[in-house]
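Engineer: Output the structure for:
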Amino acid sequence: MRFRRGMAYFAAIMGIACGLCRCAGDVPQHDAGAGHVPMVQGLPDTVTFADVAPIIRKHCTGCHRPGQVGPFPLISYQDVRRKAKTVRKMVVGRWMPPWPADTAYSRFLGERTLTARQIAIIAKWVDQGAPAGDTSGLARLDPSAWAQGGMPPGMGPPDAVVWLPEPFFLPGDNRDRFIITKAPFELSRDTFLRAVEYVPGNRRYAHHMNAAMISYAAGAKKDPGKGFAYIDADSTKSLDAYAELGLQNDDGSWPLLTPNMVNYLPGLSPPVYPPGIGGYRIARQGAFLLNTLHFGPSMRDTVDRSRFNLWFGRVPPERPMKELFLGTLGSSPVVPALVVPPDTVMTFRTSMQVPSDISVLSINPHLHLLGRSFLAYAVAPSGDTIPLIRIPDWDFRWQFAYTFPRMLHIPGNSVIQVEVVMDNTAANPNNPFSPPRTALAPAGKHMRTTDEMLQFFVNYVDYRPGDEAVELGQ
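Structural biologist: Residues are numbered from 1 along each chain as shown. Sure, this is the predicted structure:
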């Protein structure tokens, strides 16, 4: 028995990364035309970069720019011209840009899908030698329009950056590591936090991160940075680790903690809602508590120093965001128990009743390497089905927080249903073991890449009449 593609897999998270992955035509993206240039009427006789640039800028540049997961930049004409054949291959093959969700089932903000016309324009441009043409009419691409991390354009640079206190050394011993640490901060004043983003310093090996926020009352903590920097989560209890990190107030009492405030997975960008929806109050002194920072196996010595980007809000959060957590380690059981024997393809389910009317903002499905498909919907008391998300071809590399264009009303006593297919056969190219071996849900609190899990997160606010018309785009 051997571990298959351990390093190659993590490298793939970086090597294929964003801005070029699965595309869509004018029909649902998982169509039979994948690999063929769509037949489209009315294309220009000569396609130039002026025709291609708006497509690249909208769908590719966000990830293919310095500091992001794209392995090469796609900003200037020279950038795109240099990689023209690769761009053509990836978009015609419907590999890029990445968008796993089926747009024929439900729609979301920021869909990274290409129409048949856009694919045909890119293909024709490359086939004609990628001419520059007259680019004088192209708007100048302003790098400051992009946030420093992976946030959408328009957010601009963060208002504050909170760094982890020092670099973390990751030995090249091919072993998972689970770390507990903190990123302390001192702001000029108490304020409101509209959005927060975790940016790993070493994207190649950062698997996932879950963080809470510690808030210190005025005068309660002289030095939020005091305490150990990094603690091995496998060798200590949480409360002992929190004490070693120096999280307590100076009098020994515990400060206010906001749980599950910011998370990271490969490909995941945090949702940003209109002012007054979601968001948090943030104290002048505090810390982000990374109660699980997971690094995947590395075959060489390397380092990580991560940071949090903060965007402040001008108005207080009027409607605080809440969360439903279904499945593994959550509030609803997985049925049957999540055990996938070798050489089997199995279906697993989990469900949860919604006690009162809610307005859904975003959803986040999560599986590991054996996932084949993911389906989630709600069944209202009337018997009507409310589609949430369908991912026909699960890809661990691309896990998003999907935000609906408008608030989605789910009536009280509705039941959210999740159905997942897992493939633990040798035919699954993402299977981490060859030959396959039994896959289980994590036995403890830490989630290794080779564990399997079924999770579904629903971010919502309490329902108000008229929420169905509230648009969630910036």
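
Engineer: which secondary element of the chain has the worst mean pLDDT?
Structural biologist: When the helices and strands of the chain are scored by mean pLDDT, DSSP states H and E, helix 6-15 comes last with a mean of 32.

Engineer: for the next helix or strand after it, the distance to its chain's centre please.
Structural biologist: Under the assignment DSSP states H and E, the closest C-terminal helix or strand after helix 6-15 is helix 49-59. Taking C-alpha atoms, centre = their mean, to the nearest Å, one finds helix 49-59 lying 24 Å from the centre of the chain it belongs to.

Engineer: tell me the mean pLDDT for helix 49-59?
Structural biologist: Mean pLDDT, computed over helix 49-59, is 92.

Engineer: So which residues make contact with it?
Structural biologist: With contact meaning C-beta atoms under 8 Å, 6 or more residues apart in numbering, helix 49-59 is reached by 19, 44, 74, 77, 80-81, 87, 97, 112, 114, 118, 121-122, 125, 130-135, 137-138, 141. In short, each C-beta sits where N, CA and C put it, glycine included.

Engineer: Weed out the non-buried ones from those.
Structural biologist: For the contacts of helix 49-59, a burial check counting by 16 or more other C-beta atoms under 10 Å picks out 19, 74, 77, 80-81, 87, 97, 112, 114, 118, 121-122, 125, 130-131, 133.

Engineer: out of those residues, who's nearest Asp384?
Structural biologist: Comparing these against Asp384 with C-beta to C-beta picks out Arg112 as the nearest, at 29.4 Å.

Engineer: which residues touch Ile75?
Structural biologist: Taking C-beta under 8 Å, 6+ apart as the criterion, Ile75 is in contact with Thr61, His64, Arg65, Leu141.

Engineer: Can you tell me which of those are buried?
Structural biologist: The neighbour-count test (16+ other C-beta under 10 Å) applied to the contacts of Ile75 identifies Thr61, His64, Arg65 as buried.

Engineer: Report pLDDT for the last one.
Structural biologist: With respect to pLDDT, Arg65 has a value of 80.

Engineer: Pretty sure it sits against Pro73.
Structural biologist: Yes. With contacts defined as C-beta atoms under 8 Å, Arg65 counts as touching Pro73 at a distance of 5.7 Å.

Engineer: In the protein, what residue spans correspond to helices?
Structural biologist: Taking DSSP state H as the criterion, the chain carries its helices at 6-15, 49-59, 77-82, 84-92, 116-127, 238-244.

Engineer: Nearest to Met213 among those would be which one?
Structural biologist: The closest of those to Met213 is helix 238-244. By C-beta to C-beta, the value is 13.6 Å.

Engineer: need the helices of the chain in CSV with distance to Thr344, can you?
Structural biologist: Conversion of the helices of the chain to CSV gives the following (distance: least, C-beta to C-beta, whole Å):
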stretch, distance to Thr344
helix 6-15, 21
helix 49-59, 38
helix 77-82, 44
helix 84-92, 33
helix 116-127, 37
helix 238-244, 35
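
Engineer: I'd like the distance from Ala139 to Val340, if you could.
Structural biologist: 50 Å (C-beta to C-beta, to the nearest Å).

Engineer: Please apply the same query to Asn459.
Structural biologist: The spacing between Asn459 and Val340, counted by C-beta to C-beta, is 28 Å.

Engineer: And for Thr135?
Structural biologist: The separation that Thr135 has from Val340, given C-beta to C-beta, amounts to 52 Å.

Engineer: Quick one: residues contacting Ala439.
Structural biologist: The contact partners of Ala439, taken as C-beta under 8 Å, 6+ apart, are Val339, Val340, Leu370, Met422, Asn424, Thr450, Asp451, Glu452.

Engineer: If you could redo that for Val470, that was the one I meant.
Structural biologist: Pro274, Ile277, Ser359, Arg406, Met407.

Engineer: give me the number of residues near the second one?
Structural biologist: Yep, that's Ile277 we're talking about. For Ile277, the count of nearby residues is 19 (other C-beta atoms under 10 Å).

Engineer: Then the last one?
Structural biologist: By other C-beta under 10 Å, 23 other residues sit near Met407.

Engineer: what do you get for the first one?
Structural biologist: Neighbours of Pro274 under the rule other C-beta under 10 Å: 13.

Engineer: Touching, it and Met407? I think so.
Structural biologist: No. When contacts are counted by C-beta under 8 Å, Pro274 is not listed as touching Met407 (10.3 Å).

Engineer: show me where pLDDT drops low in this structure?
Structural biologist: Regions of the chain meeting the criterion pLDDT under 70 cover residues 1-35, 67, 142-154, 237-239, 266-268, 443-447, 474.

Engineer: quick one, strands of the stretch 151-300 of the chain?
Structural biologist: Ranges of strands within the stretch 151-300 of the chain are 160-163, 168-170, 177-186, 191-199, 206-216, 230-232, 256-264, 280-282, 285-295, based on DSSP state E, counting those that start in this stretch.

Engineer: for the nearest residue to Arg82 once chain neighbours are set aside, what are its contacts?
Structural biologist: Here the nearest residue to Arg82 in space, its sequence neighbours aside, is Phe72; by C-beta to C-beta, 6 or more residues apart in numbering that works out to 7.9 Å. Taking C-beta under 8 Å, 6+ apart, we find Phe72 in contact with His64, Asp79, Arg82, Lys83.

Engineer: Tell me the buried residues within those residues.
Structural biologist: When the contacts of Phe72 are checked for burial by 16+ other C-beta under 10 Å, the buried set is His64, Asp79, Lys83.

Engineer: Leu74 is in contact with the last one, correct?
Structural biologist: Yes. Taking C-beta under 8 Å as the contact criterion, Lys83 and Leu74 are neighbours in contact, 6.8 Å apart.

Engineer: Bridged to Thr350, which residues?
Structural biologist: Val418 (DSSP bridges).

Engineer: Tell me which residues touch it, please.
Structural biologist: With C-beta under 8 Å, 6+ apart, Thr350 has these contacts: Leu326, Gly327, Gly330, Ser332, Pro333, Val334, Val335, Val418, Leu454, Phe456.
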